[in-house]
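Engineer: sequence unknown, structure follows:
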């Protein structure tokens, strides 16, 4: 017995000694850690292999449909909206390929439709801009730009006439008839326009470029853009994509901009610009805006977008795949979103450096050094107030890029020339430079911090204690996770059998009421207090601008700016389901001292349009002067003083009529100038967006906290709630001196009146919001549904609009709309309607007028009537689906 006891003790001692020696060896811990990691990996792979089955069992029919839609992402051409910097490269390439394919289908339809007409010959679209060059800034909504080249139709030629040249050359394109006798090789008779009266008469009788797309024989950008927009809407229904996607043509006077949407978030934003090629070169005259405050519609500025695209393609063909020049450019430009320091400046700097620094030194490991080179080059340019244009007079341009001879032999063009004579612009450029430098420094600090951590980790890996601690931590983590999983299994089983929508709502409605920057959320789901906070922030900001306008122009002969009036869906409380909500405000204008506004009626379809004549007014009696008069008509000195200073007639009028475009550009210019005087400029960025009939701008904090604001201009009709506004008409072309009548203020007052009379749980706004959300991108006018709901609110008692009657009210809306379509008649709500509340003040001529039929055009246009019915059926089907699924 004692011998057995000694044998057992010796055996235990031997095992203990062996274990102790193993514990003192780092290889033991390394092997143990590897075994633990292998065990964890095998368990994770086994868990992944069983996940689809568990998800299928725990989800209902709704989750199956969502899984079916989101399956196989690589084959779904509709998944466009992801972060352009973070998402994989193949996703961006797929988006660009989808854009090219779609635009090519439109181009083919254009060629087929206008092949035998005297309209411009549309060429293949050329991909240009940041999206196709591969360095889109960090924005949620990436715009894909393409340049559509136009050539003159048969029997016509384009003659380019130089215009003002700052900072690039501008041209006007004269369209002239051309003799084609020799080309046609006819001997018996000639068939060209100058020599054949019959052929010329046939040209005049049909649609042609000179009569439809020109102004005084010069090709008109706006008319060309509106022609393109009209045909894109028409061709859309002939494309197979129209069955599964929605098209929304966005307002633009110098391009064709549209959004193609699938579902709610899968979207592509496309902008087609128009260009005329300069000979056989890579330089075009384009429809883009100039940097002047006002760009006439017959001015075509020179663009280098095609040459820039070819330059970056050339660099990609010569450089290694890991070259960092696009990432450098992307990072620098991202820090300038919303600032006036032109993005083209940084692009020019990078292009210069790509021809100076060898491409072998642009590898990804030299990213920080190349950022420093960019900032140093830019700093030197600012110090000497000189940055040379890349394509003008530059011998370093690759031979693959074809330039006109006059650009090759020209002197350098200084892009910073304006800084020499404008101290404010120079100061602002330096501030923007410091902002870019700060952002780049943060990026370098992050990279250096990452390098330090990598070094620390490498040294830790060489120490056996690290492996021991790692193994213990992995075991503890696995044990804690297993215990947590076991404790939550009953809850998860209960949750998976319920409705998944509750989880989404809980996640979205989490307490964010105290975050003042969270503007960008879904307008239907986000809490009402968030929308109210956004609207309040907009009102406060706009009021500050209005106060500065009043102070600056109080003693001038510019229009008197009144308090801005909140209008539109955002302030009415039923914004459609869009990521980016536009807050509309109407800025009322009154004539300056010694002037009057005389309203002259214009064409009236579908609403009344006016022109506003600005006239000088006698103010002698008002001033009560006896010795002398001081009004413009009776005092030559006062009139001379008015002419010498800035005034409304010379600066904002065309032929004595108030000009919408000049007014909009004046407002945009002053908003940029006043921004630096506001305290918000220290923490936010301002981006004034191009618009010819409003002042549209975005105020951004950080990367995603943003407000989109559009200021329209209006002239009040007497003391009523009806205004003449700067908004677009529904015509293909809206002259700059036309001011259509708007009922936006009256509509805002109507919904405010309804809110004051109804219970808090009234569902009329939710009904309107749901109906309009299904029509985003369709031609069935949103204003139609708004009119239907306003009529029903005066017919059905407000007590029957409570939230429990939501489905019944939706059915009433669809039934009312169906009856209107059947009889092709929908009465305007404010014209000739006795049910308008007394709180809304209307001009006498609108109160006594006959009903205005908003569906009158359907009587004479079978295609429009058919399309309206199709939109109605889409709306009806979509609403039934929403109601059926309990949404």
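Structural biologist: Yes, it's here. All of these numbers come straight from a predicted model, not from anything done at the bench. Numbers count the residues shown, from 1 in each chain.

Engineer: host element of residue 748?
Structural biologist: Applying DSSP states H and E as the criterion places residue 748 in helix 744-757.

Engineer: Report the buried residues of the next helix or strand after that helix.
Structural biologist: On the C-terminal side of helix 744-757, the nearest following helix or strand under DSSP H and E is helix 764-773. Within helix 764-773, the residues that qualify as buried are 764, 765, 766, 767, 768, 769, 770, 771, 772, 773, counting by 16 or more other C-beta atoms under 10 Å. In short, each C-beta sits where N, CA and C put it, glycine included.

Engineer: which ones are touching the third one?
Structural biologist: Residue 766 makes contact with 574, 803, 806, according to C-beta atoms under 8 Å, 6 or more residues apart in numbering.

Engineer: cool, the fourth one as well?
Structural biologist: By C-beta under 8 Å, 6+ apart, the contact list for residue 767 reads 789, 806, 809, 810, 813.

Engineer: Spatially, which two of those are the most separated?
Structural biologist: Farthest-apart pair in the contacts of residue 767 is 789 and 806; separation 13.1 Å (C-beta to C-beta).

Engineer: Between these two, tell me which one has more neighbours.
Structural biologist: residue 789 (24 against 17; other C-beta atoms under 10 Å).

Engineer: helix/strand/coil for residue 295?
Structural biologist: For residue 295, the assignment made with DSSP: H, G, I helix; E, B strand; the rest coil gives coil.

Engineer: got the contact list for it?
Structural biologist: Applying C-beta under 8 Å, 6+ apart, the residues near residue 295 are 254, 289, 301.

Engineer: Quick check: bridge partners of the closest residue to residue 305 other than its chain neighbours?
Structural biologist: Sequence neighbours aside, residue 128 is the residue nearest to residue 305 in space, at 3.8 Å (criterion: C-beta to C-beta, 6 or more residues apart in numbering). Applying DSSP bridges to residue 128 gives these bridge partners: residue 145.

Engineer: what separates residue 128 from residue 307, distance-wise?
Structural biologist: 10 Å (C-beta to C-beta, to the nearest Å).

Engineer: same question, residue 554
Structural biologist: Residue 554 is 48 Å from residue 307, by C-beta to C-beta.

Engineer: the more surrounded of those two?
Structural biologist: Higher neighbour count among residue 554 and residue 307: residue 307, with 22 against 11, using other C-beta under 10 Å.

Engineer: Quick check, pLDDT for the more buried one.
Structural biologist: We have a pLDDT of 95 for residue 307.

Engineer: which residues touch it?
Structural biologist: Contacts of residue 307 (C-beta under 8 Å, 6+ apart): 282, 283, 391, 401, 403.

Engineer: Is it within a helix or a strand, and which one?
Structural biologist: Using DSSP H and E, the element containing residue 307 is helix 305-318.

Engineer: which is the next helix or strand following that helix?
Structural biologist: Using DSSP H and E, the helix or strand that follows helix 305-318 in sequence is helix 325-334.

Engineer: for the stretch 701-850 of the chain, what spans make up the strands?
Structural biologist: In the stretch 701-850 of the chain, the strands defined using DSSP state E, counting those that start in this stretch lie at 705-716, 723-725, 739-742.

Engineer: measure residue 359 to residue 388 for me?
Structural biologist: Noted for residue 359: a distance of 21 Å to residue 388, by C-beta to C-beta.

Engineer: The two: which is more packed in?
Structural biologist: residue 388 (17 against 14).

Engineer: quick one on the thing from earlier: mind putting the buried residues of helix 764-773 into a markdown table with distance to residue 694?
Structural biologist: As requested, the buried residues of helix 764-773 are arranged in a markdown table below (distance: C-beta to C-beta, whole Å):
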| residue | distance to residue 694 |
| --- | --- |
| 764 | 28 |
| 765 | 25 |
| 766 | 29 |
| 767 | 29 |
| 768 | 24 |
| 769 | 24 |
| 770 | 28 |
| 771 | 26 |
| 772 | 21 |
| 773 | 24 |
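
Engineer: which among these gets closest to residue 316?
Structural biologist: Nearest member of those to residue 316, counting by C-beta to C-beta, is residue 773, at 41.6 Å.

Engineer: Tell me the spatial nearest neighbour of residue 279, not counting adjacent residues.
Structural biologist: Of all residues not flanking residue 279 in the chain, residue 404 sits nearest, at 6.3 Å (C-beta to C-beta, 6+ apart).

Engineer: and what of residue 150?
Structural biologist: Leaving aside its sequence neighbours, residue 150 sits nearest to residue 120 (C-beta to C-beta, 6+ apart; 4.2 Å).

Engineer: Tell me how far that neighbour lies from residue 153.
Structural biologist: Applying C-beta to C-beta to residue 120 and residue 153 gives a distance of 6 Å.

Engineer: before we move on, what about residue 874?
Structural biologist: 37 Å.

Engineer: neighbour-wise, which of these two wins?
Structural biologist: The neighbour comparison of residue 874 against residue 153 (other C-beta under 10 Å) goes to residue 153, with 20 against 15.

Engineer: Tell me who's in contact with the more buried one.
Structural biologist: Contacts of residue 153 by C-beta under 8 Å, 6+ apart are 117, 118, 119, 120, 121, 208, 209.
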